[in-house]
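Colleague: need a structure here:
(one chain, ligands or ions: 1)
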Amino acid sequence: MRPNPIVPSVDFDQDGVQHGFLRLPYSRDDSAWGAVMIPICVVKRGDGPTALLTGANHGDEYEGPIALFELAASLRPEQIQGRAIILPTMNAPAFRAGRRTSPIDEGNLNRVFPGRPDGSVTEKIADYFTRTLLPLADYVLDFHSGGKTLDFLPLAAAHQLPDPAQQARCEAAMLGFNAPYSAMLLEIDLSGMYDTAAEAMGKVFISTELGGGGTATARSAAIAKRGLKNLLIHAGILEGALEQAPTVRLDMPSDACFCIAEHAGLVEPCLDLGAEVQEGQLLAKIWSPGRTGLAPVPYRASCAGLLAGRHFPGLVQPGDCLAVIATVVAG
Ligand code: CA
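Modeller: Sure, this is the predicted structure:
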């Protein structure tokens, strides 16, 4: 296969702290021999495990970039054994535009894996992760939140995997991160996800959903920072003691967890995030936006659990994810 055109300005085998870029050639009107510059920090000391830490896979999700820019600015080699590879803005063009997808090619980075070395800018980024960065990693943490259109309970997540031993390592890492909620996440569509690429390579992979609405809060940023530090300690890379609080274990056993809108209009939420949900309970109403005198359309829960996610903007379109319900795992 062709080589990837991305050139790193850091040496992944060098001890110490390096701040640099992945330089991805991108010729355009305002820069004929220009490049997309993706910030990267490598902190390494001696032999040991490697953690690959990413934020802004979707460019409008902010807890990851906040925690990772802070880690890159503060982590010192003498605090660690092994290596941390830190990319606060994995899809840098999308992040700089404040968008989920790239303004260059409309690329949704978390839907184009494994990527292509000769594809679009977004596909080239994915290919570099697949063939260069993921093979270096033992632990992979990819920060997500709901972005502009969704909002979530603050949760760390792992997936059901075919290999029970690998799944157990991922679940242990999820619990090590120690978000207020810890979820076995069911994906609507696994194809093209970074998660799937990392898991297929046998990595210990966890992700998060820490909030949303296209912003961060003081609470969600603090959860991200504490979880990041916890994960590095759990991996044996960072010295120190885990900072652990009780976490609520969640599961998403079936498609019934997702409530999808079939009407356009004005959303009236009937429950807030974290509320207990009974099967059949009213989750939201959608009011017709164009005239008075019409009854709203009720949307009811197809299963019982907690309201773990919700549509964020006040207006909704058919096909939008209106609500996500997770079941509470006793224990
Ligand atoms: Ca996301």
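
Colleague: show residues contacting stretch 68-81.
Modeller: Here stretch 68-81 makes contact (C-beta atoms under 8 Å, 6 or more residues apart in numbering) with 15-17, 19, 39, 41, 43-48, 53-55, 84, 86-88, 143, 225, 228-229, 232, 236-239. For every residue, glycine as well, the C-beta is placed using N, CA and C.

Colleague: buried ones among those residues?
Modeller: Taking 16 or more other C-beta atoms under 10 Å as the criterion, what is buried in those is 17, 39, 41, 43-45, 53-55, 84, 86-88, 143, 225, 228-229, 232, 237-238.

Colleague: returning to what we had before: return the subset of the contacts of stretch 68-81 lying in strands.
Modeller: 16-17, 19, 39, 41, 43-45, 53-54, 84, 86-87 (DSSP state E).

Colleague: just to revisit the earlier point, now, which of the contacts of stretch 68-81 lie close to the ion?
Modeller: Applying C-beta under 5 Å from the ion to the contacts of stretch 68-81, one finds that nothing falls near the ion.

Colleague: coming back round to it: adding pLDDT and distance to Leu250, write the ones in strands among the contacts of stretch 68-81 out as JSON lines.
Modeller: Listed next are the ones in strands among the contacts of stretch 68-81 as JSON lines, based on pLDDT from 0 to 100; distance: C-beta to C-beta, whole Å:
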{"residue": "Gly16", "pLDDT": "98", "distance to Leu250": "40"}
{"residue": "Val17", "pLDDT": "98", "distance to Leu250": "37"}
{"residue": "His19", "pLDDT": "98", "distance to Leu250": "37"}
{"residue": "Pro39", "pLDDT": "98", "distance to Leu250": "33"}
{"residue": "Cys41", "pLDDT": "99", "distance to Leu250": "32"}
{"residue": "Val43", "pLDDT": "98", "distance to Leu250": "32"}
{"residue": "Lys44", "pLDDT": "98", "distance to Leu250": "35"}
{"residue": "Arg45", "pLDDT": "98", "distance to Leu250": "36"}
{"residue": "Leu53", "pLDDT": "99", "distance to Leu250": "23"}
{"residue": "Thr54", "pLDDT": "98", "distance to Leu250": "23"}
{"residue": "Ala84", "pLDDT": "98", "distance to Leu250": "28"}
{"residue": "Ile86", "pLDDT": "99", "distance to Leu250": "28"}
{"residue": "Leu87", "pLDDT": "99", "distance to Leu250": "28"}
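
Colleague: closest one to Leu271 out of these, please.
Modeller: Thr54 (32.0 Å; C-beta to C-beta).

Colleague: can you map out the helices along this structure?
Modeller: In the chain, the segments counted as helices under DSSP state H are 63-74, 92-97, 121-128, 164-177, 194-200, 218-234.

Colleague: most tightly packed of these?
Modeller: Among the helices of the chain, helix 121-128 has the highest mean neighbour count (mean count of other C-beta atoms under 10 Å), at a mean of 24.

Colleague: so which elements touch that helix?
Modeller: Counting by 3 or more C-beta pairs under 8 Å, 6 or more residues apart in numbering; DSSP states H and E, the packing neighbours recorded for helix 121-128 are strand 16-25.

Colleague: if you count neighbours, what's buried in the strand it packs on?
Modeller: So for strand 16-25, counting by 16+ other C-beta under 10 Å, buried means Val17, Gln18, Phe21, Leu22, Arg23, Leu24.

Colleague: and the fourth one, what does it touch?
Modeller: To tie it back to what came earlier, the one meant is Leu22. Neighbouring residues of Leu22 by C-beta under 8 Å, 6+ apart: Ile6, Val7, Pro8, Ser9, Met37, Ile38, Ile40, Leu87, Ile125, Tyr128.
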